[in-house]
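1. Need a 3D model of the following:
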Amino acid sequence: MNVFVGMEESQVIQRAFEERGHNSWSCDFKPGRLNPSRHIQGDVHEVLRRLTWIPDIIIMHPICRFLSVSGQHWTGKPGQRTVADREQAVADFMACTAYGPRLCIENPVGIISTRWRKPDQVIQPYDFGDDASKLTCLWLVNLPILLPTTYFSPRMVNGKPRWGNQTDSGQNRLGPTKDPEDRRAARAVTYPGPATAMAEQWGTL
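-> Model (predicted):
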C-alpha cells in the first residue's frame, strides 16, 4: 500500500508500515527522526497536491495544542492562546478531513467533537501493549476501528491505576524543558503499540 502520514516528525507510524513492506512516507515541517530518506519536509497540504503517487491510506496528526479540552481554560486569557489561535487550529483540522479514500485523523479529546463530529474510536496505548495512558481519539473514513491487542496491566496507587508515563498522582512524567516546543513534540509521539496495530490491521485491507 501507499501510506502517507502527515504531521509526523517522529516517524513511528511511518516506520511501522514500512517494516511490513508498504510504501510509507511521513511529512512534517520538521525533519524526520527515524528515517529521513522516507520523510518529506514541508507543508502536508502542498506536498499532497504535488505527490506523483496516490495514497491508499492517509493518517493525519493536526496540531492539538489549541484544540484539546485540557487547554481551553487558557483561551482568551492575557498572554495565553487566543480565540484566533483556536479557530485557526479548527480550520487546520478540518482541512485534513478532505482527504481519502481511507483516512485517519488523530487528536486528543477536544473541541472537534462539537465542531465536527464525535470520534469513531477512543484508544489507550495500554490496550496495545504499551506501559502508558494517553487517551487518543481517532476519526476514521473507510477504515475499521482498531482491535485491542495486548493489555498492559498498571500499577495501583491508592486504588487507582497508573502506567509508566504517569506519576503516582496521575500527571504525565514528562516535565518542563528549556524549549516548550520540544516537550509538546515529545508528548505528541504515537506509542509503538497503536502504530503496530494500524500497520497490521489496516495494511491488509
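2. Ranking helices and strands of this structure by mean pLDDT, which lands last?
-> When the helices and strands of the chain are scored by mean pLDDT, DSSP states H and E, helix 180-188 comes last with a mean of 58.
3. quick one: the closest residue to residue 101 other than its chain neighbours from residue 202, how far?
-> Using C-beta to C-beta, 6 or more residues apart in numbering and skipping the chain neighbours, the partner closest in space to residue 101 is residue 142 (5.7 Å). Where you see a C-beta, it was placed from the backbone N, CA and C, and this is true even at glycine. Distance of residue 142 to residue 202, computed by C-beta to C-beta, to the nearest Å: 10 Å.
4. The two: which has the busier surroundings?
-> For residue 142 versus residue 202, neighbours defined as other C-beta atoms under 10 Å are more numerous around residue 202 (21 against 11).
5. which residues touch the more buried one?
-> Residue 202 makes contact with 57, 102, 104, 143, 144, according to C-beta atoms under 8 Å, 6 or more residues apart in numbering.
6. In strands, which of the residues you listed appear?
-> Judged by DSSP state E, the subset of the contacts of residue 202 located in strands is 57, 102, 104.
7. neighbours around the last one, how many?
-> So that's residue 104. With other C-beta under 10 Å as criterion, residue 104 counts 23.
8. same check, this time on the second one
-> Summarising burial for residue 102: neighbours were counted as other C-beta under 10 Å, giving 19.
9. what are the bridge partners for it, then?
-> Counting by DSSP bridges, residue 102 is bridged to residue 57.
10. Which residues lie in contact with the residue sitting furthest away from the middle of the chain in this structure?
-> Ranked by distance from the centre of the chain (C-alpha atoms, centre = their mean), the top residue is residue 158, with 30.8 Å. Residues near residue 158 by C-beta under 8 Å, 6+ apart: residue 168.
11. Quick check: it vs residue 171, distance?
-> Taking C-beta to C-beta, one finds residue 158 at 14 Å from residue 171.
12. Go ahead and confirm residue 16 touches residue 195.
-> Yes: judged on C-beta atoms under 8 Å, residue 16 makes contact with residue 195 at a distance of 4.2 Å.
13. and stretch 94-108, how far from the chain's centre?
-> 11 Å (C-alpha atoms, centre = their mean, to the nearest Å).
14. List the buried residues for it?
-> Along stretch 94-108, these residues count as buried under the neighbour rule (16 or more other C-beta atoms under 10 Å): 96, 97, 99, 102, 103, 104, 105, 106, 107, 108.
15. want to throw the contacts of residue 202 into TSV with distance to residue 113 and pLDDT?
-> As requested, these are exported to TSV (distance: C-beta to C-beta, whole Å; pLDDT from 0 to 100):
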residue	distance to residue 113	pLDDT
57	23	98
102	22	98
104	16	98
143	18	98
144	20	98
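16. Low-confidence regions, this protein specifically.
-> 69-81, 175-187 (pLDDT under 70).
17. longest helix of it?
-> helix 83-96 (DSSP state H).
18. Could you list every helix and strand that it packs against?
-> strand 102-107, helix 112-115 (3 or more C-beta pairs under 8 Å, 6 or more residues apart in numbering; DSSP states H and E).
19. Could you name the helices and strands sitting against the longest one?
-> Taking 3+ C-beta pairs under 8 Å, 6+ apart as the contact definition, the neighbouring helices and strands of strand 102-107 are strand 57-60, helix 83-96, strand 136-141, helix 192-202.
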